[in-house]
Structure formats: structure tokens, C-alpha cells
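>>> next one to model:
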Amino acid sequence: MLVTGFPAGMFQTNCYILAQDGSRECVVVDPGQDAAEPLFEFLGSEDLTVTAVLLTHGHLDHVWSARAVCERFSVPAYIHPDDRYMLSDPARGIGPTMKQFIDGMTFTEPDEVIELADGDKITEAGITFVVDHTPGHTQGSVVLRTQAGTDSAPVDLALTGDTLFQGSIGRSDLPGGNHEQLLDSIARKLLVLGDDTVVLPGHGGNSSIGAERASNPFLVGLSGQE
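Model prediction:
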């Protein structure tokens, strides 16, 4: 499987592209601010067509270019219903210091929006994703899990959005955030995963569940619990 990404916009939000080897179809995760142009350039160079846009949560730095990508390829956007309102009213989800960046701008959600639920299995571009609802950073935050590698040597992947980062966790001081809820989500949905699970976060570099379990200072005292 092709799994690649790039940081985009002033917030350097990771936009990911996933495609099965040999396929001309792909899935895009979290196309944020200024992601559309480099994304379209990459897709053109690789002869890839998008079948869906998956959104880990509704903050503007993750969904800014969702409508543009969906319109370009006539595809749906997937988002948890608790964050859907931010597609058309992003100011409700960001703090006052960031609202200045969107003064005078108008946002509308993509023509087709599919709502995610905890435990959903989504198959797009031949790739199956499992949805884990992980409220805390926002009420509609989700982690998207899938598998790369081969049948004999599978690699588990977790696209964690702003729930878990390399050495850190998501902020919880914006509307809809809740620190204790975030820690509970990490314990129930992420720390139950295998240590080799690759963490693909919304910002910063990649990590693994094992590395975060061992060294992330925000996870001290947490243990995996169903």
C-alpha cells in the first residue's frame, strides 16, 4: 500500500494519501489549509483518483480543502456527526485568536457528507478503515485504523488526527474539548492496540503505540482499557 502525506498550511496539518499497490484509486485524509494545490499535483503525477475524503475531526486546519477535493472528484466526505457543523461554521470550533484568519470567509460543506459512527467499517479505494470515536480534542474526533504490509507481514496503522501525537496529545481548551475525556479515549481506543501499531498523527512526525506508551509524558499512569 502507498501511504504518504505532507504538512500543509500555516498549521502544518498532515494530509495523507492512501492507495493499494497497483490501484489508480486512493483515499485522502484531512486536506487542510493550502492542501488542495500540492495534493492535486501529486495525484496527477501518480495518476491517482480520489474516491473519498476522510476527516478525523472538524477543525478548520483539517477540513479547509475538503470541499475543493470532493468537488474535483465528485466524492463524499466522511465525518462524525458531532463535528459536522464545523464544515459550514468553522468559527464555532476554534478559539477567538484564530477567528481573525477567517473573517469575511464563507464555508460550505461538500455536496455529499457521510456521517461516521464508532465501530464503522468503511471500504474505499479497496482499503478498509475501522472507525474509533475518540472524543476529547473535539466531540466528533475519530481515529481511523487500517492495515498495510502483506498478508504474511501486516502493518497496523492508526490515523490519530489530533487525539495523539508523537510525544504529546491534542489540546482540549477549544470549544468541545475535554481533557479527561481525551485521556479516556486514548486509554480505551489507542492503548489497547499493539505496540507495533504505526501512529500517523495530524501534526508532526510518525510514531508507534509502543513508543508513546513508553515515553509520552501525557500518558503517564494510563493503561489500555476496553
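>>> need the three-state assignment for residue 70.
helix (DSSP: H, G, I helix; E, B strand; the rest coil).
>>> give me the pLDDT for it.
Model confidence at residue 70, given as pLDDT, is 98.
>>> for it, grab the count of nearby residues.
The number of residues packed near residue 70 is 22, by other Cβ atoms under 10 Å. For glycine as for every other residue, the C-beta is placed from the backbone atoms N, C-alpha and C.
>>> next: residue 28.
Quick note: residue 28 (other Cβ under 10 Å) scores 30 neighbours.
>>> what's the answer for the one 5 residues further on, then?
Residues contacting residue 33 under the criterion other Cβ under 10 Å number 20.
>>> contacting residues for it?
8-11, 13, 60-61, 64-65 (Cβ atoms under 8 Å, 6 or more residues apart in numbering).
>>> among these, which one has the most neighbours?
residue 13 (29 neighbours).
>>> for it, what are phi and psi?
phi -80, psi 130 (degrees, to the nearest 10).
>>> direction included, what does the helix or strand harbouring residue 28 pair up with?
Here residue 28, judged by DSSP states H and E, is contained in strand 25-29. Paired strands of strand 25-29, with direction, are strand 13-19 (antiparallel), strand 49-54 (parallel) (DSSP bridges).
>>> for those strands, which one ends up most surrounded?
strand 13-19 (a mean of 24; mean count of other Cβ atoms under 10 Å).
>>> quick check, pLDDT for the residue sitting nearest the centre point of the chain.
In the chain, the C-alpha nearest the mean C-alpha coordinate belongs to residue 56, at 3.3 Å (Cα atoms, centre = their mean). Residue 56 carries a pLDDT score of 98 in this model.
>>> so what pairs up with the closest residue to residue 147 other than its chain neighbours in the strands?
Spatial nearest neighbour of residue 147, chain neighbours left out: residue 154 (5.1 Å); criterion: Cβ to Cβ, 6 or more residues apart in numbering. Using DSSP bridges, the bridge partners assigned to residue 154 are residue 149.
>>> residue 154 - how many residues pack around it?
Residue 154 sits with 11 neighbouring residues when counted by other Cβ under 10 Å.
>>> any idea how far it is from residue 58?
From residue 154 across to residue 58, the span is 31 Å (Cβ to Cβ, to the nearest Å).
>>> before we move on, what about residue 134?
For residue 134 relative to residue 58 (Cβ to Cβ), the value is 13 Å.
>>> which residues of the protein fall in strands?
For the chain, the strands defined by DSSP state E cover 2-8, 13-19, 25-29, 49-54, 77-79, 113-115, 121-124, 127-133, 142-149, 154-161, 164-165, 168-169, 198-201, 207-208.
>>> dump those strands into CSV; add distance to residue 88 as well.
Listed next are those as CSV, based on distance: least, Cβ to Cβ, whole Å:
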stretch, distance to residue 88
strand 2-8, 21
strand 13-19, 19
strand 25-29, 20
strand 49-54, 15
strand 77-79, 11
strand 113-115, 10
strand 121-124, 22
strand 127-133, 21
strand 142-149, 19
strand 154-161, 20
strand 164-165, 27
strand 168-169, 28
strand 198-201, 26
strand 207-208, 33
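>>> need the phi and psi values for the residue of the chain most remote from its centre.
For the chain, the largest distance from the centre (Cα atoms, centre = their mean) belongs to residue 152, which lies 27.2 Å off. Residue 152 adopts backbone torsions of phi -80, psi -20, taken as degrees, to the nearest 10.
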